[in-house]
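Colleague: here are the coordinates; sequence isn't available:
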């Protein structure tokens, strides 16, 4: 059972491995958007966007709703946004730490 949980966890984490999928999550933060709106905001072709959206839907990251010819996507579980935000906080902390090291590194190179 534990092995299946790790496998499922790894599959869900694949969503976070592409910048455009991360951008989709961020765009859907405030509510659902249509495929047309997402295509325009992400500057992607419908075919490319559909691949990302289908992958996210298959992993139960997104839900869909159809209205006429339009398909709307939304975040399936709001807890995802907490994970997303926590990862971004960690990223920004690391960027700040790395930036704080730059002056020391440059100073060391100047002394050489």
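Modeller: It's in. Nothing here was measured: the structure is a model prediction, and the numbers come from that model.
Colleague: per-residue pLDDT, the residue nearest the centre of the chain?
Modeller: Nearest to the mean C-alpha position of the chain, by C-alpha atoms, centre = their mean, lies residue 22 at 1.8 Å. If you check residue 22, the pLDDT there is 95.
Colleague: isn't it right up against residue 16?
Modeller: Yes: judged on C-beta atoms under 8 Å, residue 22 makes contact with residue 16 at a distance of 6.3 Å. Glycine gets a C-beta too; all of them are placed from N, C-alpha and C.
Colleague: helix or strand right after the particular helix or strand that has the residue nearest to the centre of the chain in it?
Modeller: Using DSSP states H and E, residue 22 sits in helix 19-27. Per DSSP H and E, the first helix or strand lying C-terminal to helix 19-27 is strand 33-34.
Colleague: right, and the helix or strand after that next one?
Modeller: helix 35-42.
Colleague: output the contacting helices and strands for that next one.
Modeller: On a contact count with 3 or more C-beta pairs under 8 Å, 6 or more residues apart in numbering; DSSP states H and E, helix 35-42 meets helix 19-27, helix 46-58, strand 70-75.
Colleague: for residue 35, find the nearest of those.
Modeller: Ranking the helices and strands packed on helix 35-42 by their distance to residue 35 (criterion: C-beta to C-beta) puts strand 70-75 first, at 5.2 Å.
Colleague: gap between the helix or strand following that closest one and the chain center?
Modeller: Next in sequence after strand 70-75, counting helices and strands by DSSP H and E, comes helix 79-111. Helix 79-111 sits 19 Å away from the centroid of its parent chain (C-alpha atoms, centre = their mean, to the nearest Å).
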